[in-house]
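# Quick one: sequence plus predicted model below, questions after.
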Amino acid sequence: MNFLMVLISAVVLIAVAFAGFAINILVRKGGKFPNTHVSGNKYLKSQGISCAQTYDREELAKSRQKIDYNSLKVSSGSN
């Protein structure tokens, strides 16, 4: 019985928190959900930090660049 009371009170607390968040968004002029993604953080963006998906997309774009095989140089390594 004690566990059930704790569970019910936890669910009620979470429901109140979500309701408050929703009301805040609805009441605020131009209210919308905050951008919590890494790309939405100005400090991280200024440091050049991006999320894994963005990094992967950038690396795929680099790998798909056309390679000019005529300008490649072969180095002879001494063993």
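Yep, that arrived. Numbers count the residues shown, from 1 in each chain.
# make it CA atoms for all contacts and neighbour counts henceforth
Fine.
# need the contact list for the spatially most central residue of the chain.
The residue lying closest to the centre of the chain (Cα atoms, centre = their mean) is residue 37, at 3.5 Å. For residue 37, the contact set (Cα atoms under 8 Å, 6 or more residues apart in numbering) is empty.
# what ranges do the helices span in this protein?
With DSSP state H as the criterion, the chain has helices at 2-27, 42-46, 52-63.
# among these, which is nearest residue 69?
helix 52-63 (14.5 Å; Cα to Cα).
# What average pLDDT does the closest one get?
Taken as a whole, helix 52-63 has a mean pLDDT of 85.
# Format the helices of the chain as TSV; extra columns: distance to residue 76.
Formatted as TSV, those follow (distance: least, Cα to Cα, whole Å):
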stretch	distance to residue 76
helix 2-27	65
helix 42-46	41
helix 52-63	25
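# Could I get these in JSON lines, plus columns for mean neighbour count and distance to residue 73?
Formatted as JSON lines, those follow (neighbours: other Cα atoms under 10 Å; distance: least, Cα to Cα, whole Å):
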{"stretch": "helix 2-27", "mean neighbour count": "12", "distance to residue 73": "59"}
{"stretch": "helix 42-46", "mean neighbour count": "11", "distance to residue 73": "36"}
{"stretch": "helix 52-63", "mean neighbour count": "11", "distance to residue 73": "19"}
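# For residue 33, which of those is the nearest?
Of all the helices of the chain, it is helix 2-27 that lies closest to residue 33, at 7.1 Å by Cα to Cα.
# Model confidence for residue 6, exactly?
Residue 6 is assigned 95 on the pLDDT scale.
# Any figure for the gap between it and residue 60?
49 Å (Cα to Cα, to the nearest Å).
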